[in-house]
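In: What follows is a predicted structure for the sequence shown.
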Amino acid sequence: MNTLNRIKRSVANRSDDVLLRSEFDQFGSAAQVGRALRELLMDGTLVRLGLGVYAKAKPSVLTGKPIPVRPLEVLAPEALNKLGVAVMASRLTQEYNAGRSTQVPAGIVFNVGRRRIARKLGFNGKAIQYEHA
């Protein structure tokens, strides 16, 4: 069985929607894994959220192009947790949820504490932002 089929089967059997490239290192060399992931991106099985971060995909109802199976607001914290970053709701989201504000927070912002993060995650022009406590 070749690397592409092994990775394809592994993606289908996983329950989580976010996948890191490092999770596929056991299936072959870096070049083989890269080619297999690129093939899965082209056929619409996966979409890329960032460098080495992928999500399962489904066809869009409107355009037919591949989109993530869940919204970016749900996938980004899952990806950051896999990368070892503790994620909390932003200050504005906390105020809205507590009833201290009536303004709905715009954009996708996550509080990462005092940690400095340079990783960019996003899809189709929507990117997440980081807030420091």
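Out: Received, thanks.

In: What is the longest helix along the chain packed up against?
Out: In the chain, ranked by residue count with DSSP state H as the criterion, the top helix is helix 30-42. If contacts are counted by 3 or more C-beta pairs under 8 Å, 6 or more residues apart in numbering; DSSP states H and E, helix 30-42 sits against helix 3-13, strand 46-50, strand 53-59. All C-beta atoms are positioned from the backbone trio N, CA, C, and that covers glycine.

In: mind listing what's buried in the last one?
Out: In terms of neighbour count (16 or more other C-beta atoms under 10 Å), strand 53-59 has its buried residues at Val53, Tyr54, Ala55, Lys56, Ala57.

In: Give me the contacts around that strand.
Out: 11, 14, 17-21, 37, 40-41, 44-49, 65-70, 75, 79, 83, 121, 123 (C-beta atoms under 8 Å, 6 or more residues apart in numbering).

In: and the residue located most distally from the centre of the chain, how far is that from Asn111?
Out: Here the chain reaches farthest from its C-alpha mean at Arg100, the gap being 30.4 Å by C-alpha atoms, centre = their mean. To Asn111, Arg100 is 16 Å away according to C-beta to C-beta, to the nearest Å.

In: what's the answer for Met88, then?
Out: Taken as C-beta to C-beta, the span from Met88 to Asn111 is 4 Å.

In: Comparing these two, which residue is more hemmed in?
Out: Asn111 (18 against 14; other C-beta atoms under 10 Å).

In: Tell me if I'm right that that one and Ala133 touch.
Out: Yes: under the criterion of C-beta atoms under 8 Å, Asn111 makes contact with Ala133 at 5.7 Å.

In: Overlap in contacts, those two.
Out: By C-beta under 8 Å, 6+ apart, the residues touching both Asn111 and Ala133 are Met88.

In: Go ahead and confirm Leu92 touches Phe110.
Out: No: assessed by C-beta under 8 Å, Leu92 is found out of contact with Phe110, at 11.3 Å.

In: Between those two, which is the more surrounded one?
Out: Neighbour count, other C-beta under 10 Å: between Leu92 and Phe110, Phe110 has more, with 21 against 17.
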